[in-house]
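Undergrad: sequence and computational prediction follow.
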Amino acid sequence: MNKKQIFTRSVITAAIALASSQSMAAGFQLNAQSATGLGRAFSGDGVIADNASTMAKNAASMTLFDAPALSLGVIAIDTDVKVKDATYNGSQIPDDQIGGTSYAPNIYYIQPINDKFAVGASLYSNFGTKTEFSDNYAANAFGGLTDVKSMNLGLSAAYRINQQLSIGGGLDVIYGSGKLNRYIPAGKIPTPNGTINTPKIDLLDVDADGVALGFNLGTIYELDQNNRFGLSYRYSPTLEAKGDMHYAGSDLSDQKLKMPLPDMAEFSGFNKLNDKFAVHYSIQWIRWSEFDVLETTGGVKLNDYQWQDGWHYSIGGTYYLNDQWTLRAGYMHDTSAQDSKTSISVPDSDRNWLSGGFSYHLDSKSTIDFGLTYLIGKDVKADETNPLGMSVDATTRANAWLYGLQYSRSF
């Protein structure tokens, strides 16, 4: 191996050690379980039970249904992510827009067996993100492409113990896929003898997927038909993804990438104050500190993390206008998973959700829901280096629009 090959391999090894940390830097829990919930910033979502999507937050809520229920929909997520005021290895580089549009479909079905017992099935997503820098962005050793998707197949059951207390639980089959690409882009170096064209150097190229099993538990306490509270817990496993994986110039496709997913716990409440108006609220804890290291099953350690647990605080209101129209709105404050380590490839910050939506009742059994959210992030300073002295400093900001449409029917 000549000196050029040794140097190139060293660059790849050092850059990947950092670049890999960017691929899952925020982990990105995806709040996109239903358009109905989106319209109220998911406040009280586990206990309101206005359609079958409630089972995504709390399986015990299935006992609140006395007839079979179906709900299906999609949420479009349009992100506006800016990386600005950046310097790469001490030189100023242009700003870049790395947002994009992705879609999160969902479907839920609840089947009451009798007045005590109900079962259900669901398909939706809890995690996902996508950012893509332009091909010629100088700092693509830290940026590049991050495209992570997941789907959660849930099989659930619930049992009513008495008039006040219900319990529920379920099995989660989680499918995850990811495309990650970090590289030094092709460029031109001026010399006294002319310009030298430098080739693109791939640092990380992953296209992998995998399946893992988790579970969820929940309970609901009803003071009466207008006041109820719920508590739920979701265990999220470590997902092992396998596929094409090239790292530091080596082919690691015979190994799997281990990706720890965070556990979650949520308290929700619903209080109908009169025939026209109800308030609802939720507090959710997300165990992002669980994501402590990214490594392969072969023992190749990619990076350590200094993440912190996250919290969601949401509150909202529902106005029952008439037999055809129901209006809703909500606000959520969502805390960042990142602490001292930040990223340009998947920017993260504390966020504020401003949400609104409505239901239009086609008849006594069919409803169409629309939800809209504007997600407001904050400016975050990213300062990243690697052992070879490569560095990037930038300010990032991530905002987003979320649009949801849902159809629900009881039978």
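TA: Structure's in. What do you need?
Undergrad: longest strand in the chain, by residue count?
TA: strand 201-224 (DSSP state E).
Undergrad: mind giving me the packing neighbours of that strand?
TA: helix 3-23, strand 145-160, strand 165-184, strand 227-235, strand 238-247 (3 or more CB pairs under 8 Å, 6 or more residues apart in numbering; DSSP states H and E). No exception for glycine: its C-beta is placed from N, CA and C like everyone else's.
Undergrad: what's the closest of the ones you listed to residue 305?
TA: helix 3-23 (7.1 Å; CB to CB).
Undergrad: on that earlier part again, tell me which of the helices and strands packed on strand 201-224 lies nearest to residue 307.
TA: Closest approach to residue 307 among the helices and strands packed on strand 201-224 is made by helix 3-23 (10.7 Å; CB to CB).
Undergrad: where in this protein is pLDDT low?
TA: Filtered on pLDDT under 70, the chain yields the residue ranges 1-28, 189-192, 194, 302-304, 386-388.
Undergrad: do a quick rundown of the helices in it.
TA: Using DSSP state H, the helices of the chain run over 3-23, 35-38.
Undergrad: what bridges to the nearest residue to residue 96 once chain neighbours are set aside?
TA: Excluding the flanking residues, the one nearest residue 96 by CB to CB, 6 or more residues apart in numbering is residue 83, at 4.9 Å. On the basis of DSSP bridges, residue 83 is bridged to residue 96, residue 396.
Undergrad: what's the answer for the one 5 residues further on, then?
TA: For residue 88, the residues forming beta bridges with it (DSSP bridges) are residue 91, residue 392.
Undergrad: so it touches residue 384, yeah?
TA: No. Using CB atoms under 8 Å, residue 88 is not in contact with residue 384, being 10.1 Å away.
Undergrad: all the strands of the stretch 251-400 of the chain, in order from the start?
TA: In the stretch 251-400 of the chain, the strands defined using DSSP state E, counting those that start in this stretch lie at 257-260, 264-272, 277-286, 293-296, 301-304, 310-320, 325-334, 351-361, 366-376, 380-385, 391-410.
Undergrad: chain center to stretch 158-171, what's the gap?
TA: 28 Å (CA atoms, centre = their mean, to the nearest Å).
Undergrad: same thing with stretch 156-176?
TA: On CA atoms, centre = their mean, the centre of stretch 156-176 falls 23 Å from the chain's centre.
Undergrad: number the chain from 41, please
TA: Taking 41 as the first residue, the last one we looked at is stretch 196-216.
Undergrad: and the end-to-end length of it?
TA: End-to-end span of stretch 196-216 (CA to CA, to the nearest Å): 20 Å.
Undergrad: could you pull out the buried residues of it?
TA: Buried residues in stretch 196-216, counted by 16 or more other CB atoms under 10 Å: 196-200, 206-210, 212, 214-216.
Undergrad: what's the farthest-apart pair in those residues?
TA: Pairwise over those, using CB to CB, the maximum falls at 200 and 216, 34.0 Å.
Undergrad: hang on, the earlier thing: so what are the sheet partners of the longest strand of the chain and their directions?
TA: Counting by DSSP bridges, strand 241-264 is paired with strand 205-224 (antiparallel), strand 267-275 (antiparallel), strand 278-287 (antiparallel).
Undergrad: out of these, nearest to residue 235?
TA: Per CB to CB, nearest to residue 235 of those: strand 205-224, 17.3 Å.
Undergrad: what's the angle between that closest one and strand 185-200?
TA: With axes from the mean of the first three to the mean of the last three CA atoms, to 10 degrees applied, the angle from strand 205-224 to strand 185-200 works out at 170 degrees.
Undergrad: do you know which of the strands paired with strand 241-264 lies nearest residue 396?
TA: strand 267-275 (23.4 Å).
Undergrad: pretty sure residue 141 contacts residue 116?
TA: Yes. With contacts counted by CB under 8 Å, residue 141 reaches residue 116, the gap being 6.3 Å.
Undergrad: give me every residue that touches the residue located most distally from the centre of the chain.
TA: Within the chain, the residue lying farthest from the chain centre (CA atoms, centre = their mean) is residue 233, at 50.8 Å. For residue 233, no contacting residues are found, by CB atoms under 8 Å, 6 or more residues apart in numbering.
Undergrad: do you know how far it is from residue 227?
TA: Between residue 233 and residue 227 the computed distance is 17 Å (CB to CB, to the nearest Å).
Undergrad: who touches both of residue 128 and residue 424?
TA: With CB under 8 Å, 6+ apart as the test, residue 128 and residue 424 both reach 431, 432.
Undergrad: pretty sure residue 89 is touching residue 105, no?
TA: Yes. Under the criterion of CB under 8 Å, residue 89 makes contact with residue 105 at 6.9 Å.
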